[in-house]
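J.: next input, structure requested:
(one chain, ligands or ions: 1)
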Amino acid sequence: MLIQDTALEGVKIIIPTRFGDSRGFFSESWSRQTFARHGIDIDFVQDNHSLSAKVGTVRGLHFQSPPHAQEKLVRCGRGSMYDVAVDIRRGSPTYGMWVGADLSFENGKQLLVPRGFLHGFVTRAPDTEIIYKCSDYYAPDCDGAVRFDDPDIGIDWGLTGAAILSDKDATAQRLVDFDSPFTYGD
Ligand SMILES: Cc1cn([C@H]2C[C@H](O)[C@@H](COP(=O)(O)OP(=O)(O)O[C@H]3O[C@@H](C)C(=O)[C@@H](O)[C@H]3O)O2)c(=O)[nH]c1=O
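T.: Next up is the predicted model:
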């Protein structure tokens, strides 16, 4: 397993080993023991799986507030996507900064998104499936979103047309109007 740091502390790209043979491949996408040996020890309690039919579907930028903040380990089950994390910890030296990673079925890469970060993605292939582990349960009262196209964040989504969005994401707040529930160092 390979682990790569990104420009944002705590956001990591993880590339599990794939054992290929004539049938295809085998891979441990999550092993608490192996990840813990690499300093990533997370008590994941929920797995999520969604399908986005069309290229250019954007889901995000989402978070859950404390006490139900979530760490997420994200991978692509089918197709291809660009997955993004944005630092929203008040007082962080990298507040408002983002990193992204190309996750695809082919490359098997995963993105680790810590608490205190927004998460979102855009699909790059039809019928793209995302699968991700979460360290807390879904808590609708703590669910929130910030605009994916907020110019103050400035994510380059690589879109060639209008994004396909949920109503919630289409009406999400700007970062400037957002009172982040996360503080750097908590
Ligand atoms: C996230 C979630 C949604 N739902 C329900 C609520 C709603 O009826 C339906 C669709 O929810 P959403 O529109 O919020 O789904 P979606 O836009 O895919 O939301 C997800 O986006 C990505 C980027 C994340 O990081 C996730 O944490 C989550 O926020 O599914 C659950 O039952 N459990 C869950 O954990």
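J.: what's across from the residue positioned nearest the centre of the chain in the sheet?
T.: Nearest residue to the geometric centre of the chain (Cα atoms, centre = their mean): residue 119, 4.3 Å. With DSSP bridges as the criterion, residue 119 is bridged to residue 62, residue 85.
J.: so what's it up against?
T.: In this structure, residue 119 makes contact with 60-63, 72, 74, 83-86, 113, judged by Cβ atoms under 8 Å, 6 or more residues apart in numbering. For glycine as for every other residue, the C-beta is placed from the backbone atoms N, C-alpha and C.
J.: so who does the most far-flung residue of the chain relative to its centre touch?
T.: Here the chain reaches farthest from its C-alpha mean at residue 22, the gap being 32.2 Å by Cα atoms, centre = their mean. Shown in contact with residue 22 (Cβ under 8 Å, 6+ apart): no residues.
J.: need the phi and psi values for it.
T.: Phi and psi for residue 22, reported as degrees, to the nearest 10, are phi -60, psi -20.
J.: residue 176 contacts residue 147, correct?
T.: No - checked against Cβ atoms under 8 Å, the pair residue 176 and residue 147 is beyond contact range at 10.1 Å.
J.: pull up the gap between the residue nearest to the centre of the chain and the ligand, please.
T.: 4 Å (Cβ to the nearest ligand atom, to the nearest Å).
J.: begin at 47 from now on, thanks
T.: Shifting the count to begin at 47 puts that one at residue 165.
J.: say whether the ligand is contacted by stretch 180-192.
T.: Yes - contact of stretch 180-192 with the ligand (Cβ under 6 Å from any ligand atom) involves residue 184.
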